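Chemist: Sharing a model that was predicted from the sequence below.
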2 protein chains.
Amino acid sequence: MSGAAGSAVSGADERATPPTLLDLSTYLLSRTGKAARGRLAERLAGRGLRLWDMAVLAALADFGPHAQRDLVRRLGVDASDMAKVADHLASAGYVERIRDTADRRRVSVSITEAGRAALAELDAEARAVQDEVLAPLTPEERLTLHELLRRVHGGLPGAP
Amino acid sequence: MSGAAGSAVSGADERATPPTLLDLSTYLLSRTGKAARGRLAERLAGRGLRLWDMAVLAALADFGPHAQRDLVRRLGVDASDMAKVADHLASAGYVERIRDTADRRRVSVSITEAGRAALAELDAEARAVQDEVLAPLTPEERLTLHELLRRVHGGLPGAP
DNA sequence: AATATTAGTGGGTCGCCACCCACTATAGGG
DNA sequence: CCCTATAGTGGGTGGCGACCCACTAATATT
């Protein structure tokens, strides 16, 4: 090959990301976020679960039983999709659905012991992913990052 | 409603995100990243472009002409998809494709003036999104975040 | 009692993304 | 030359996430 035609690209940094992109926090956020999401999703998939499943379990564990419509509001999912997630979690034995006796249209969803156990494991998985992804940072830096991200997250539509 | 059935959820924080999730940097990263990605994609779509188009333009602007296979290696896309992106960019007049005379299998892709102009605009869009998403942070904090993300990004597979 | 509203379900669409395969054209090594 | 490898292309697949609509059951409204 040698010098060959008009193709530049010296060869050393053949795989380097364009600085134009690296200078964009937007890009970095999107890229690292995707990596985090992807890896977590992969691990959850190993257990037959998806990200929404974990979110629902977390909501139930943190705030107690919800009517499905409340889960919908809290998590911002489509009601129809929520029904499917609830169905899936129920068939896995992680949540229990019972008709609300006061308003029989409603279905109250609550987490089971198995669900709590599963959530604990999912949480561990998430932290493992975190350790992978944030490997280049010191513990203090991770804290800093976490706090900054929390503020950014708080500014997004759908979180006070 | 009153006490009613098992439904807890006091009512005030009905839309709050579960702390179990908020405590995970993984989650925050994924969430904020998705927001950034989504908004940028939305803006690019307004110009008939996608994220990969921008990445390719950036690579060409930053490193000069590439054979398609080099773009594939640098950006980690599938060769087949790269062909489509190149095709799309060419038909928009943002890149020029010429057969490499030395190795006629190769197609050398280079950015055009129109392409550079477009990239500049895309960059501006990206920065606008950045301002939106990072609104809660001070300029110094944004810098800190950027640096941390850069380090994290550097640790991901595909960037030395 | 008639009507409107709400909760949950089932079913389907659409766009995106990543991936894979078959195929052509060219190049290079024995 | 023959055979293998490489560059690019076209076409197609499968998963996923978001969304939307039609429908039932139950509740509120008047």
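Modeler: Ah, there it is.

Chemist: Check what pLDDT A:E147 gets.
Modeler: On pLDDT, A:E147 comes in at 97.

Chemist: hmm, I was thinking of A:V9
Modeler: Looking at A:V9, its pLDDT reads 45.

Chemist: what's the answer for A:E42, then?
Modeler: For A:E42, pLDDT reads 91.

Chemist: element containing it?
Modeler: Element membership for A:E42, per DSSP states H and E: helix A:25-45.

Chemist: Following element in sequence after that helix, please.
Modeler: helix A:51-63.

Chemist: The helix or strand following that next one near DNA strand C at all?
Modeler: Next helix or strand after helix A:51-63 toward the C-terminus (DSSP H and E): strand A:66-67. Yes - using CB under 7 Å from any atom of the strand, strand A:66-67 reaches DNA strand C at A:A67. C-beta here means a position set from N, CA and C on the backbone, and glycine is covered the same way.

Chemist: Distance from strand A:66-67 to the middle of the chain?
Modeler: Here strand A:66-67 is found 21 Å from its chain centre; the criterion is CA atoms, centre = their mean, to the nearest Å.

Chemist: for chain A, which spans come out with low pLDDT?
Modeler: A:1-13, A:158-160 (pLDDT under 70).

Chemist: Helices of that one, start to end?
Modeler: A:19-22, A:25-45, A:51-63, A:68-75, A:79-91, A:113-133, A:139-155 (DSSP state H).

Chemist: As a markdown table, the ones you listed with distance to chain B and mean neighbour count would be great.
Modeler: Formatted as a markdown table, the helices of chain A follow (distance: least, CB to the nearest CB, whole Å; neighbours: other CB atoms under 10 Å in any protein chain shown):
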| stretch | distance to chain B | mean neighbour count |
| --- | --- | --- |
| helix A:19-22 | 4 | 19 |
| helix A:25-45 | 2 | 21 |
| helix A:51-63 | 4 | 22 |
| helix A:68-75 | 6 | 19 |
| helix A:79-91 | 14 | 15 |
| helix A:113-133 | 5 | 17 |
| helix A:139-155 | 4 | 17 |
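
Chemist: Contacts only, for A:E132.
Modeler: By CB atoms under 8 Å, 6 or more residues apart in numbering or on different chains, the contact set of A:E132 is A:R39.

Chemist: ok, back up a step: and the angle from the helix holding A:E42 to helix B:25-45?
Modeler: If you take axes from the mean of the first three to the mean of the last three CA atoms, to 10 degrees, helix A:25-45 sits at 120 degrees to helix B:25-45.

Chemist: still on that earlier bit, same list (the helices of chain A) but as JSON lines, adding distance to B:T20.
Modeler: Below are the helices of chain A laid out as JSON lines (distance: least, CB to CB, whole Å):
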{"stretch": "helix A:19-22", "distance to B:T20": "33"}
{"stretch": "helix A:25-45", "distance to B:T20": "13"}
{"stretch": "helix A:51-63", "distance to B:T20": "4"}
{"stretch": "helix A:68-75", "distance to B:T20": "13"}
{"stretch": "helix A:79-91", "distance to B:T20": "15"}
{"stretch": "helix A:113-133", "distance to B:T20": "7"}
{"stretch": "helix A:139-155", "distance to B:T20": "14"}
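
Chemist: Go through those helices and name the closest to A:A102.
Modeler: Comparison of the helices of chain A against A:A102 by CB to CB identifies helix A:68-75 as nearest, at 14.1 Å.

Chemist: can you list the residues that contact that closest one?
Modeler: By CB under 8 Å, 6+ apart, the surrounding residues in contact with helix A:68-75 are A:52, A:55-56, A:59-60, A:63, A:66, A:77-79, A:82-83, A:86, A:106-107, A:109, B:7, B:9, B:14-18.
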